[in-house]
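> Prediction below, plus the sequence it came from.
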Amino acid sequence: MEMDWASDVEILQERSRQGVQFTPSDREALSRALSDSQQRLSELLREADQLRRTIAHQQSSLSPLRLLPTELLVRILRLAIVPGMVIQYDETSAPWNIGAVSRHWRDVLYSTPELWTAIEIDWNRWNRPLALDAENTPYPARVAQFLELSSALPLLINVPSYPNLVWGTQAEEPQRQAWTPIYRRLEDELLTRWSGSVDAQFLRQLWKFRANATLTLPMITGLRRMDEFVLEDLITEANINLRIPQLQDIILKDIWRIDARVENEYLANIKRHATAFLGDHASNLRALEFRGQLEALAFVSQCPSSQHIMKSVESLRIQQSLSFPGSLQDREEDFGRILVPSIRHLFIADYPGVVAAYLQKMKIPTIKSLQLVIKTTPLHNDVLPPALLDFLRIPSEAGGLESLCLAGIDIPEGSLPEILNELDTLRELVLWTLPHDIETALTTSTAILPALRRLTILDNTKNSTETSVLVEILGARHPGARVFSFKSFKRTWAFVDGGNLSAFDEESLAFDYRLPAEAWMQHRLELVWL
């Protein structure tokens with residue numbers, strides 16, 4: 001039986017004041033009540049201790065990040081986002097996945113505008129009846145949410161494919177109407193905070209709303225797929241004066257055509273507009289890429305301002321377009337050896353005969369790194385070694401070649417040692433295979449490539465070169481220095497301590513260039529062009 005302590009205490013206090021004597025039954029009841037209270041207190045203390053242990057166990061099973069305040073998580077995420085890093089999202093992964101973890105993480109998500117600055121707009125991927133997010137938000141509206149949540153930060157927008165607002169079937173008209181407001185919104189962002197690279201073909205869509213104006217893209221640094229159609233639409237048709245003050249990298253395609261024997265007014269007008277555009281942006285240009293058959297040679301020979309345009313360009317990239325090369329014999333009289341100033345890095349990906357033609361026609365005394373990606377073909381395999389040898393014998397004005405990559409083809413036996421003898425300053429060598437004659441020459445004589453510090457073999461098959469061979473070659477040239485070696489499923493390489501820095505990007509070294517010609521071209525289009 002439980003006792004009402006509040007009333008009992010009042011009764012006892014009143015009796016004590018009145019001098020009333022407690023009976024034995026009162027004292028016994030008081031003793032029992034005190035004992036019951038002590039027992040109940042002990043039970044409550046045990047329950048509280050058990051509850052504390054349960055809470056501690058649950059907290060120990062949670063991620064420590066859960067215990068961090070939102071402000072600290074936001075700071076961590078901002079430090080983890082590398083400036084200039086391009087992040088792509090597919091239909092199942094997006095920043096919303098972070099917010100779906102818990103309300104705490106949702107607060108972090110909406111407190112970090114940096115998470116919303118990388119946007120991919122892929123029309124081919126999103127033109128499907130699927131759930132785009134938890135609320136089934138239409139894709140144009142979802143893009144608008146990215147733009148709003150990114151605050152005023154610079155945007156990294158990738159547009160591999162996009163709907164056309166001008167052409168298409170009648171059935172696609174509702175989709176085009178849904179996309180039009182987003183295009184207008186993207187246009188406004190492009191003029192203010194769109195950073196990085198932009199597809200020139202995409203600009204043709206945006207400028208359908210603007211004409212007869214001077215438009216400045218203040219944060220764009222790269223322009224991809226600049227061809228005759230972009231120039232015709234933007235400049236000839238829309239009369240737009242395009243200004244990109246930070247432009248450093250541009251990809252040109254089929255503007256200067258070496259096969260165009262008849263110079264008509266249309267082609268002359270396109271070249272004139274392209275020359276004017278490049279000339280206006282020459283001061284900041286650091287990288288040029290040409291896509292098309294002998295397009296770069298046509299540019300430096302046909303463009304009167306080519307020397308001025310390339311005065312600050314350090315990287316020249318040349319890639320084959322969709323067309324296949326014909327005979328080069330009828331082009332021999334078109335060019336002498338043309339001086340290409342200031343170039344330090346040269347990349348050529350094409351058939352052996354076309355690569356040889358470039359090497360025979362260009363003079364680059366400032367070159368520091370040369371990367372040749374040879375397309376597999378039985379034609380013109382014997383023309384590359386002598387062309388490369390003559391190219392390397394051109395006197396250097398920058399201390400000599402330091403990095404050389406020959407990928408995709410085996411140099412005929414006996415040709416490479418003579419080439420390597422010309423490279424006293426070479427620090428990095430990348431080969432498709434290590435032929436026996438080259439291995440013997442490098443192992444027995446340190447006079448060949450005396451400055452070599454990094455050696456990479458790309459053909460990592462079951463018969464590929466062992467790392468011990470590479471270590472022996474480098475160790476003989478740098479006595480007492482530590483040599484590190486690695487072997488992956490893609491390549492084998494070794495380097496002297498402090499010499500691991502490569503002049504070539506990982507993407508270009510990871511591809512299997514021995515694929516058939518059609519597969520090679522398709523892969524290059526998917527990997528680089530689009």
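Alright, I've got the coordinates.

> Report the secondary structure element holding Leu51.
Leu51 is located in helix 24-61, with elements delineated by DSSP states H and E.

> what mean pLDDT does that helix have?
The pLDDT scores in helix 24-61 average 82.

> What of stretch 433-449?
pLDDT averaged over stretch 433-449 gives 86.

> What lies in contact with it?
Residues from elsewhere that reach stretch 433-449 (CB atoms under 8 Å, 6 or more residues apart in numbering): 410-411, 413-414, 416-417, 420-421, 423-424, 426, 429, 431, 457-459, 464-465, 469, 472-473, 476-477. Quick note: C-beta positions are derived from backbone N, CA and C, even for glycine.

> And stretch 476-483, how far out from the chain middle?
35 Å (CA atoms, centre = their mean, to the nearest Å).

> Export it to PDB, keeping only CA atoms.
C-alpha atoms of stretch 476-483 as PDB (Å, rounded to 0.1, in the frame of the first residue of the first chain):
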ATOM      1  CA  ALA A 476      72.400   2.500 -64.100                       C
ATOM      2  CA  ARG A 477      71.800   6.100 -65.000                       C
ATOM      3  CA  HIS A 478      71.400   7.400 -61.500                       C
ATOM      4  CA  PRO A 479      73.800   5.400 -59.200                       C
ATOM      5  CA  GLY A 480      72.800   5.600 -55.500                       C
ATOM      6  CA  ALA A 481      69.300   7.000 -56.200                       C
ATOM      7  CA  ARG A 482      66.200   5.100 -55.200                       C
ATOM      8  CA  VAL A 483      64.200   3.700 -58.100                       C
END
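
> follow-up on the earlier one: just the buried ones from the contacts of stretch 433-449?
Buried by 16 or more other CB atoms under 10 Å: 411, 416-417, 420, 423, 426, 429, 431, 457-459, 465, 469, 473, 476-477, out of the contacts of stretch 433-449.

> Now go through those residues and say which are in strands.
429, 431, 457 (DSSP state E).

> Can you tell me which of these is nearest Glu295?
Leu431 (27.6 Å; CB to CB).

> residues in contact with the closest one?
Per CB under 8 Å, 6+ apart, neighbours of Leu431: 406, 411, 438, 456-458.

> any idea how far Phe391 is from Gln201?
As judged by CB to CB, to the nearest Å, Gln201 and Phe391 stand 34 Å apart.

> quick one on the thing from earlier: so which elements touch the helix holding Leu51?
Helix 24-61 is packed against helix 5-17, with contacts defined by 3 or more CB pairs under 8 Å, 6 or more residues apart in numbering; DSSP states H and E.

> Can you name the residues that contact the residue lying closest to Leu474 once chain neighbours are set aside?
In space, and not counting its chain neighbours, Leu474 is closest to Val483: 4.9 Å by CB to CB, 6 or more residues apart in numbering. Applying CB under 8 Å, 6+ apart, we find Val483 in contact with 471, 474-475, 494-497.

> got the ones in strands among the buried ones among the contacts of stretch 433-449 as CSV, with distance to Phe146 columns?
What follows is those, written out as CSV (distance: CB to CB, whole Å):
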residue, distance to Phe146
Leu429, 45
Leu431, 45
Ile457, 44
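
> looking at this, Ala357 is in a helix?
Yes: under DSSP: H, G, I helix; E, B strand; the rest coil, Ala357 sits within a helix.

> residues near it, how many?
25 (other CB atoms under 10 Å).

> Among Gln201 and Phe391, which residue is more densely surrounded?
A count of neighbours by other CB under 10 Å puts Phe391 above the other of Gln201 and Phe391, at 23 against 17.

> tell me which element that one is part of?
Assigned by DSSP H and E, Phe391 belongs to helix 384-392.

> just to revisit the earlier point, so the residue nearest to Leu474 bridges to which residues?
Val496 (DSSP bridges).

> Among the contacts of stretch 433-449, which are located in helices?
Secondary structure from DSSP state H places 416-417, 420, 469, 472-473, 476-477 of the contacts of stretch 433-449 in helices.

> quick one, domains of this protein?
With domains defined by automatic domain parsing, the chain comprises 52-187, 318-330+369-380+400-530.

> Among those, which one carries the weakest average confidence?
Lowest mean pLDDT of the domains of the chain: domain 52-187, a mean of 68.

> one step back: list the buried residues in the helix holding Phe391.
The neighbour-count check on helix 384-392 (16+ other CB under 10 Å) flags 384-385, 387-389, 391-392 as buried.

> so, if you compare those, which one comes nearest to Val300?
Phe391 (15.3 Å).

> Now that closest one. Nearest residue, chain neighbours left out?
In space, and not counting its chain neighbours, Phe391 is closest to Leu359: 4.1 Å by CB to CB, 6+ apart.

> mind listing what that neighbour touches?
Each residue near Leu359 by CB under 8 Å, 6+ apart is listed here: 384, 387-388, 390-391.

> Pull the most distant pair out of the residues you listed.
Most distant of the contacts of Leu359, by CB to CB, are Leu384 and Asp390, 11.0 Å apart.

> Now render the contacts of Leu431 as JSON lines, adding distance to Glu28.
Listed next are the contacts of Leu431 as JSON lines, based on distance: CB to CB, whole Å:
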{"residue": "Leu406", "distance to Glu28": "106"}
{"residue": "Ile411", "distance to Glu28": "111"}
{"residue": "Ile438", "distance to Glu28": "108"}
{"residue": "Thr456", "distance to Glu28": "97"}
{"residue": "Ile457", "distance to Glu28": "99"}
{"residue": "Leu458", "distance to Glu28": "98"}
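
> Looking at the residues you listed, point me to the pair that's furthest apart.
For the contacts of Leu431, the farthest-apart pair by CB to CB is Ile411 and Thr456; their separation is 15.2 Å.

> gap between Ala211 and Ala407?
46 Å.

> Please enumerate the strands of the stretch 51-200 of the chain.
118-122, 155-161, 194-199 (DSSP state E, counting those that start in this stretch).

> Adding distance to Leu217, write these out as a markdown table.
Listed next are the strands of the stretch 51-200 of the chain as a markdown table, based on distance: least, CB to CB, whole Å:
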| stretch | distance to Leu217 |
| --- | --- |
| strand 118-122 | 17 |
| strand 155-161 | 12 |
| strand 194-199 | 7 |
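
> residues contacting Asp199?
Listed by CB under 8 Å, 6+ apart, the contact set of Asp199 reads 159, 224-225.

> Just send those residues back as TSV, with neighbour count and distance to Arg344 too.
Shown next, in TSV, are the contacts of Asp199 (neighbours: other CB atoms under 10 Å; distance: CB to CB, whole Å):
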residue	neighbour count	distance to Arg344
Val159	18	31
Arg224	20	22
Arg225	19	25
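
> In a markdown table: these, plus distance to Ala33.
As requested, the contacts of Asp199 are exported to a markdown table (distance: CB to CB, whole Å):
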| residue | distance to Ala33 |
| --- | --- |
| Val159 | 81 |
| Arg224 | 88 |
| Arg225 | 91 |
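
> Among those, which one lies nearest to Glu120?
Out of the contacts of Asp199, the member with the shortest distance to Glu120 (by CB to CB) is Val159, at 7.8 Å.

> so that closest one sits right up against Ile121, yeah?
Yes: counting by CB atoms under 8 Å, Val159 touches Ile121, with 4.8 Å between them.

> List only buried entries from the contacts of Val483.
Buried among the contacts of Val483 by 16+ other CB under 10 Å: 471, 474, 494-496.

> Between these, which sits nearest Thr117?
Phe495 (35.8 Å).

> Can you mark which positions in the helix holding Leu51 are buried?
Buried, per 16+ other CB under 10 Å, within helix 24-61: Ala33.

> My impression was that Leu404 belongs to a helix - is that right?
No: assigned with three-state DSSP, Leu404 falls outside any helix and is strand.
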